[in-house]
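>>> From the sequence below, what's the structure:
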Amino acid sequence: MKENIKKTRDKSKKRNMIIQGAIKGYMEYGYKNVSMDIIAELAGVSKKTVYNHFMSKENVILTIVSQYLEGKSALKEIYYDNSKPIEEQLMSFANAELYLVNTPERLGLARVLTLTFLEDQNLAYRIVMEFEPNHLKFIQWLKEAITDNKLVIDDLESAASIFYGLIEGSITYPALFQKELNVKYSQIILKEIITTFLCRYKKQ
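The predicted structure is shown next:
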């Protein structure tokens, strides 16, 4: 039993070493220039070990994207609560979006993934198809806010796209060209975005 647990831990540790090696390689050389040999070298493991965990470097980046989005998805487990101000609930969704760029590590990874998707649009398309659409949880929240007579929205998809488009255009994408995210300034911008959104959709 103990031996099985140790083997599982060792396997998990090596898998994480490979992922970290791949991230380092993508950041230094770009996705297209990184081979499984380079990943193995940067991870400090054999090439055979890399292939024991991942069939290809595309499998590696799919895993990286999955882990990257996992934290964001967990933050977006937000359920409509009519006892809380609607502005506060919208801010929770907005801050979940900032998770992608609100630390130097995640900001660096966001830059890598952005460049990777620009380099390989077919890969970007496959990744988009692989993961749950970004706005589903928010759209469900909007439906409940409408039922509670707090919002008036005819097109939920458009409203969700506008909300996230404002955040991405004002904060997420500009952060890619900055040394680090200015969290204090970002909160001011988010409040303005929420005010703008509610001016359009809040029940008068």
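
>>> Summarise which helices and strands the helix or strand harbouring Ala40 is packed against.
According to DSSP states H and E, Ala40 maps onto helix 36-43. Where contact means 3 or more CB pairs under 8 Å, 6 or more residues apart in numbering; DSSP states H and E, helix 36-43 is packed against helix 2-29, helix 47-53, helix 57-75. (Each C-beta comes from the backbone N, C-alpha and C, glycine too.)

>>> Touching, Tyr26 and Val112? I think so.
Yes. At 4.6 Å, Tyr26 and Val112 qualify as touching, with contact defined as CB atoms under 8 Å.

>>> Which residue ranges make up the domains of this structure?
Following automatic domain parsing, one finds the domains of the chain at 1-54, 61-201.

>>> Return the member of the ones you listed having the minimum mean pLDDT.
Among the domains of the chain, domain 1-54 carries the lowest mean pLDDT, at a mean of 82.

>>> which residue is nearest the centroid of the chain?
With distances taken as CA atoms, centre = their mean, Leu69 lies nearest the centre of the chain, 3.7 Å away.

>>> ok, it to Leu113 distance?
Separation of Leu69 from Leu113 (CB to CB, to the nearest Å) stands at 10 Å.

>>> can you list contacts of the helix holding Ala40?
Contact with helix 36-43 is made by 14, 17-18, 20-22, 24-25, 29, 46-47, 49-51, 54, 56-57, 60, as judged by CB atoms under 8 Å, 6 or more residues apart in numbering.

>>> Could you report the neighbour count for the nearest residue to Lys202 once chain neighbours are set aside?
Spatial nearest neighbour of Lys202, chain neighbours left out: Leu151 (6.2 Å); criterion: CB to CB, 6 or more residues apart in numbering. By other CB atoms under 10 Å, the residues close to Leu151 number 21.

>>> From what I see, Leu151 and Leu142 are in contact.
Yes. In terms of CB under 8 Å, Leu151 counts as a neighbour of Leu142; the distance is 6.5 Å.
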